[in-house]
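Participant: What follows is a predicted protein model with its sequence.
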Amino acid sequence: MSQPVLGILTLYMNDRKQLEERHIYQKMITEGQKIGLDVFVFTPSDVYDKKKMIYALNYDPKSRRWSRKWRSFPHLIFDRGRIQRNKRFEQLVRFRSRYGNLTFLNRPLRDKWTIYQLLSRKPRFKPHLPDTAIFQDMSDVHRLMRYHSSIYVKPMQGTGGRGILRVDRVGPETYLIQGRKLSRRIIPVQKVHKARLAPYLLRWKGKKRYMVQQGINIKLPNGRVHDYRMLVQKSGTGRWEVTGCAGRVGPPRSVTSNLHGGGHAVPMGTLLKHSNHSEEKRAEIRRTAEKLSLDIAATLEANFGALCELALDLAIDPSGMVYVLEVNPKPAREVFIQSGDSDAYRMAIVRPLEYALWLYKQRAAPS
């Protein structure tokens, strides 16, 4: 059996061909060598269709240097290409379509609304989903605010807390608005009269596809918001397993806790202690969060195609109820470095490689 080859498919951040997660890919290539997996990195712009060759990025752990080399198409592809609003992302879409017959560890996931619709039809998930609706006009906002004193207005696609608003009803005709622009910049907190709410939100949404979501009480005693990042991955046995979970605390005046938006990570257990629940209750909350995350991963894969990892953003309210805020198919790994969970960080890097090796052997085995 020839040595299996894994190609990590990504996108350059800019025209200077810089990679966003170069340090992660270095670790993946290094760890891949240890288990007999040949790993290289490429983007759609490195693919030469006529030659059926790739001008790939290779990393040598001994010299600690990157180099270019012509490579044949890999046996397996780990798709790390995230949404961008440019021609590079359009190239990625074309590559996925043109080479859809290749073996991908993971396929693109749908937008947040489609995921919500699917999960909300499952009785076991419904209680763990915040009340959510498409933001088509102000009737959608008013309908949610009839039952909830706070809501989030968020894009159907996007990550890092970009473009998210939180709206709190603080009086019969007064609302408090805070949030982040698409650039992630925090906007000043402002009070808005009922008459100005509709023009403000409709202007914020513009022509983009937005949704409105019930706000969960996730404020700590110091006023900062917090949530939890749960990472589940396929392992070397082909099964979904929990890799780790960390708490995230947002910066002052932020409505989100994303690390790229200035948040910081802490161990899950440390953050759960702020709830004043008993140790037994905290253990039960963790078990619920883990089982829920594994079940959702299996459900999404069964409906949308191959997946090998998912990060779920979870909110836990003061009663201990676990809510799923978002599902991210292209998760970063820094949360475990910040929270001090070195074991989870290493597993987050190694597990996709072990799964790739398992998948290769499954496909190579005689039927």
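Facilitator: All right, it came through fine. Keep in mind that what you see is a predicted model, and the values were worked out from it rather than measured. Numbers count the residues shown, from 1 in each chain.

Participant: can we go C-alpha only for contacts and neighbour counts from here?
Facilitator: Noted.

Participant: Name the residues that touch stretch 336-348?
Facilitator: 231, 233, 243-247, 264-267, 333-334 (Cα atoms under 8 Å, 6 or more residues apart in numbering).

Participant: Distance from it to the middle of the chain?
Facilitator: 16 Å (Cα atoms, centre = their mean, to the nearest Å).

Participant: Next, the buried residues of that stretch.
Facilitator: 336, 337, 338, 339, 341, 344, 345, 346, 347, 348 (16 or more other Cα atoms under 10 Å).

Participant: With adjacent residues omitted, what lies nearest to the fourth one?
Facilitator: Closest residue in space to residue 339, ignoring its immediate chain neighbours: residue 266 at 4.3 Å, by Cα to Cα, 6 or more residues apart in numbering.

Participant: Where does the one you found sit: helix, strand or coil?
Facilitator: strand (DSSP: H, G, I helix; E, B strand; the rest coil).

Participant: So what's the residue count around it?
Facilitator: Look at residue 266: counted by other Cα atoms under 10 Å, it has 20 neighbours.

Participant: among the contacts of stretch 336-348, which ones are buried?
Facilitator: Buried members of those, scored by 16+ other Cα under 10 Å, are 231, 233, 243, 244, 245, 246, 247, 264, 265, 266, 267, 333.

Participant: Looking at those residues, point me to the pair that's furthest apart.
Facilitator: Spatial extent of the buried ones among the contacts of stretch 336-348 (Cα to Cα) is set by the pair 233 and 264 at 22.7 Å.

Participant: before we move on, the earlier item: redo the contacts of stretch 336-348 as CSV? Include distance to residue 116 and pLDDT.
Facilitator: Output for the contacts of stretch 336-348, formatted as CSV (distance: Cα to Cα, whole Å; pLDDT from 0 to 100):
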residue, distance to residue 116, pLDDT
231, 19, 98
233, 21, 98
243, 23, 98
244, 23, 98
245, 22, 98
246, 23, 97
247, 23, 95
264, 27, 91
265, 26, 94
266, 28, 94
267, 28, 95
333, 24, 94
334, 26, 93
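
Participant: Mind picking the two most distant members of the residues you listed?
Facilitator: Going by Cα to Cα, the pair spanning the contacts of stretch 336-348 furthest: 233 and 264, at 22.7 Å.

Participant: Helices of the chain, start to end?
Facilitator: Secondary structure of the chain by DSSP state H: the helices cover 22-34, 87-98, 112-120, 138-145, 194-205, 268-272, 279-304, 334-338, 342-364.

Participant: Based on its surroundings, how many neighbours for residue 215?
Facilitator: 22.

Participant: which one is it nearest to, not counting chain neighbours?
Facilitator: Using Cα to Cα, 6+ apart, the closest residue to residue 215 is residue 151 (4.4 Å).

Participant: State the pLDDT value of the one you found.
Facilitator: With respect to pLDDT, residue 151 scores 96.

Participant: ok, residue 178 touching residue 189?
Facilitator: Yes. Under the criterion of Cα atoms under 8 Å, residue 178 makes contact with residue 189 at 4.8 Å.

Participant: rewinding a little: would you list the buried ones among the contacts of stretch 336-348 in JSON lines and tack on distance to residue 39?
Facilitator: Output for the buried ones among the contacts of stretch 336-348, formatted as JSON lines (distance: Cα to Cα, whole Å):
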{"residue": "231", "distance to residue 39": "22"}
{"residue": "233", "distance to residue 39": "19"}
{"residue": "243", "distance to residue 39": "22"}
{"residue": "244", "distance to residue 39": "24"}
{"residue": "245", "distance to residue 39": "27"}
{"residue": "246", "distance to residue 39": "28"}
{"residue": "247", "distance to residue 39": "31"}
{"residue": "264", "distance to residue 39": "31"}
{"residue": "265", "distance to residue 39": "30"}
{"residue": "266", "distance to residue 39": "32"}
{"residue": "267", "distance to residue 39": "31"}
{"residue": "333", "distance to residue 39": "19"}
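
Participant: What is the nearest of those residues to residue 5?
Facilitator: The closest of these, once distances to residue 5 are taken by Cα to Cα, is residue 233, at 19.9 Å.

Participant: so what's that closest one up against?
Facilitator: When contacts are counted by Cα under 8 Å, 6+ apart, residue 233 is found next to 240, 241, 242, 243, 308, 309, 310, 348, 351, 352.

Participant: ok so, going back, may I see the helices of the chain organised as CSV, with distance to residue 4 added?
Facilitator: Shown next, in CSV, are these (distance: least, Cα to Cα, whole Å):
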stretch, distance to residue 4
helix 22-34, 10
helix 87-98, 21
helix 112-120, 33
helix 138-145, 51
helix 194-205, 46
helix 268-272, 36
helix 279-304, 24
helix 334-338, 28
helix 342-364, 7
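
Participant: ok, now which ones touch residue 145?
Facilitator: 151, 169.

Participant: Could you name every residue contacting both of residue 178 and residue 189?
Facilitator: Contacts common to residue 178 and residue 189, judged by Cα under 8 Å, 6+ apart, are residue 253.

Participant: Would you mind telling me which of these two has more residues around it?
Facilitator: The residue with more neighbours, out of residue 178 and residue 189, is residue 178; 20 against 13, by other Cα under 10 Å.

Participant: and that one, how far is that from residue 257?
Facilitator: 14 Å (Cα to Cα, to the nearest Å).

Participant: cool, and residue 316?
Facilitator: Going from residue 316 to residue 257 by Cα to Cα gives 14 Å.
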